[in-house]
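Colleague: can't give you the sequence, but here's the structure:
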């Protein structure tokens, strides 16, 4: 169970005055303070943790965000930035004495420039909203997290979101040109712009993935890319996870970089098949979904090569899509994987460690052993090309013991990821969920240095507190120059 | 200018040396880019050139790790043996700086230098997956790791990449690598103006054919020629043929495309990466301007300099001209007017010491930057003055 810091009594005592202060800064419909209406903001995608905030503001402009931050900074009030609330690591979990800044009303696409291949959007535009807006011209925004229908670009920047296609197209950080941010002191700063690789320190890179610890993002300039002529998927089923793992290594070593390379284990295959009826092989221990891009002839060539590679590892079955519809059918189960597991078990924790791909068979075997020890089912779905695991641990939220066991099981998996040379989180972020595991990956000195950088942006630790860094130590103030 | 050079053979020795230092240190690898940015105010030089060797290479995981002083050619050769490459096509800039030694991995990462493939495959900073470094207090720290996806903690790999040794001394780097495409070719189109050239590059980059290089040579491929736009395709041989054919057909309204086959294509992009078509005279100053691609030709015109080379679809503008404060001011004005950034890449020391070699940051950001510098290098020992005067 993850502990949250006690609310500051002096802030709670001034609640009415603080709400009145916020009301003076914003239109009436941009402030929420009645307990019933605060309820939707009490949690995010990590729904086991709930805490209504003191108030929620829903700004419509960078200026309103800046006004709220200036006020909160002056009053010593903690603030929690929130996009769509899809964080699986509790990145938007409030505190009782905090103001949530909800970005969903800043949802305008401000500009699209096809010649310079960029779009300027507000932070509350959804990930898929960008692609939908430019798709008619054949363009797309590359990072595609599973939550892309709902999740917002500001949250994608905060978490440096990835997706199934980042083996080829990179993660959020690789697809940004500029940001408009507001500092905790309410100063509006433009980072980068419409050009690549701005000179000076890479603030764009540091801010991306900083989980709301350094500033609040209000506008984002993203690169948009012209889509390929087409894409097609194949499915390869193997009798063992080892064979599937060897096939992944052989594919990468062959010089072909598929645009997606997804791995599912037996429990996941069964869950997805029951849900989506995608025609997945139920006798397989492991299955790969491999997607390539190009013209139909190029797809044929690449899929032929990939088939040849998979055949070296005694597959149970290989199915190459011949049409776009067959491709969609292959993807259908994978895209619904989280929902499918949700049908078997009402509650699950989605873990997100990354491992060197060579360790895959060992790690899956250990996860299987741990599953037996804890008495909890687990299904594994995995971005195989880049080693990003998503074990889904099933538990019963109505049973506190079951939940605690699931949390311990998850922590053990993440420790294992670090032990074999990987990391705690590949794309979901540390949030509150993995905060207390940070010492597994970092030395005390490394954490002190990261905390001090956080404090260089936010000296009073008001921005998204109790996330990312373990609570035990007092916040570090930056040393004097 | 630097005199004494220390080149510790281990990370621990390097950390101890920094911890025990009381005076500023010039930080370098092989020192090939000393004429870039501002002259460092330090009597002693700390070099990573003795920290060498590839420490991990897993071709099937697309990962290579090497110590910071490892010469680039050694890494490139190890990758080539397994049919792989450094993704960002980073140049050595040996000709630009008259360097006799090859650049080191640490120097390249410290400068975040990327070549033509940056436009399609990302910058050097996009491929730094993990870093080990020593901060100004002499403490060893790590960020990232050896896996391709990692969002654990603040991304200090990004912060150190391009920080020119001012926030920490990089001792080891883990890079993402990619397979070397088996075939390549280039389409070259003569264009009437630089604006027409950028339109060709935009059409190419906006096509579905995976253009991996898009440059504009104001003085063409041969003497006396006007501007020429060049677009590169890299892939399997059949794909290169198919895509070149489709692209040439789509670009036909903009001009006739001449195809350069693999040997000529490879030589051309090597030249572009190393700035040969810029034609900078030895006494010239050289600037690098980054803008939105459509603003590139305007920067060339506004800077008033005939020696230019445009890469990255027109957004990366290289300029060469007299090393005077007046020409520098013209480049700065042109870059800022176009909403972009500039870097003084090469100039005689007096000019580099006299002018801002990078754009000023907004006050709020500069204040944060000063606090971050104080965190990483509390005594101000690492490369003082390299990026900005007094910092």
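Modeller: Structure received. Not measured: the values here are computed from a predicted model.
Colleague: Quick check: buried residues in stretch B:52-64?
Modeller: Residues B:52, B:57, B:58, B:59, B:60, B:61, B:62, B:63, B:64 are the ones in stretch B:52-64 that count as buried (16 or more other C-beta atoms under 10 Å in any protein chain shown). For the C-beta atoms, the positions are set from N, CA and C on the backbone; glycine is no exception.
Colleague: for chain A, what helix or strand is lowest in average pLDDT?
Modeller: Ranked by mean pLDDT, DSSP states H and E, the helix or strand of chain A with the weakest confidence is helix A:337-344, at a mean of 85.
Colleague: residues in contact with that one?
Modeller: Residues external to helix A:337-344 that are found in contact with it (C-beta atoms under 8 Å, 6 or more residues apart in numbering or on different chains): A:146, A:264, A:268, A:271-272, A:274-276, A:333, A:348, A:350, A:377, A:379, A:381, A:392, A:394.
Colleague: Contacts only, for the closest residue to chain B within the stretch 101-250 of chain A.
Modeller: The shortest separation between the stretch 101-250 of chain A and chain B is 2.7 Å, found at residue A:205 (distances taken as C-beta to the nearest C-beta). Shown in contact with residue A:205 (C-beta under 8 Å, 6+ apart): A:173, B:125, B:155, B:157, B:158, B:159, B:161.
Colleague: Could you measure from the closest residue to the first one other than its chain neighbours over to residue A:397?
Modeller: Spelled out, it's residue A:173. Computed as C-beta to C-beta, 6 or more residues apart in numbering or on different chains, the closest residue to residue A:173 that is not its neighbour in sequence is residue A:208, at 4.2 Å. Distance of residue A:208 to residue A:397, computed by C-beta to C-beta, to the nearest Å: 33 Å.
Colleague: Between the two, point out the one with more neighbours.
Modeller: Residue environment comparison for residue A:208 versus residue A:397 gives the larger neighbour count to residue A:208, 27 against 14, counting by other C-beta atoms under 10 Å in any protein chain shown.
Colleague: Residue A:172 is in contact with the residue nearest to residue A:173, correct?
Modeller: Yes. Applying C-beta atoms under 8 Å as the test, residue A:208 and residue A:172 come out as touching, 5.9 Å apart.
Colleague: To what extent is the one residue in chain B that gets nearest to chain A buried, counted in neighbours?
Modeller: For chain B and chain A, the shortest gap (C-beta to the nearest C-beta) falls at residue B:158, measuring 2.7 Å. Residue B:158 is flanked by 27 other residues according to other C-beta under 10 Å.
Colleague: okay, now residue A:14: neighbour count?
Modeller: 18.
Colleague: which residues sit in contact with it?
Modeller: residue A:75.
Colleague: so where's chain B shaky on pLDDT?
Modeller: B:1-3 (pLDDT under 70).
Colleague: what's the domain layout of it?
Modeller: Partitioning chain B according to automatic domain parsing yields domains covering residues B:1-180+B:363-391, B:183-273, B:278-354.
Colleague: Please pull up the helix or strand immediately following the longest helix along chain A.
Modeller: When chain A is scanned for its longest helix (criterion: DSSP state H), the result is helix A:400-419. Next helix or strand after helix A:400-419 toward the C-terminus (DSSP states H and E): helix A:438-441.
Colleague: buried stuff in the helix or strand that that next one is followed by?
Modeller: Sequence-wise, the next helix or strand beyond helix A:438-441 is helix A:444-457, with elements assigned using DSSP H and E. Using 16+ other C-beta under 10 Å as the test for burial, helix A:444-457 gives A:446, A:447, A:448, A:449, A:450, A:451, A:452, A:453, A:454, A:455, A:456, A:457.
Colleague: so how far is helix A:444-457 off the chain centroid?
Modeller: Centre-to-centre, helix A:444-457 and its host chain are 23 Å apart (C-alpha atoms, centre = their mean, to the nearest Å).
Colleague: if you look at that helix, does any of it touch chain B?
Modeller: Yes. Contact of helix A:444-457 with chain B is found when judged by C-beta under 8 Å from any C-beta of the partner chain, involving A:445, A:446, A:447, A:449, A:450, A:452, A:453, A:454, A:455, A:456, A:457.
Colleague: hmm, who's touching that helix?
Modeller: When contacts are taken as C-beta under 8 Å, 6+ apart, the neighbours of helix A:444-457 outside the stretch itself are A:183-184, A:206, A:213-215, A:438-439, A:442, A:461, A:463, A:468-470, A:473, A:475-479, B:135, B:139, B:141-143, B:153-154, B:156, B:159, B:368, B:371-372, B:374-376.
Colleague: what does stretch B:350-357 give?
Modeller: For stretch B:350-357, the external contacting residues (C-beta under 8 Å, 6+ apart) are B:35, B:37-39, B:285, B:323-325, B:328-329, B:332, B:343-344, B:387-389.
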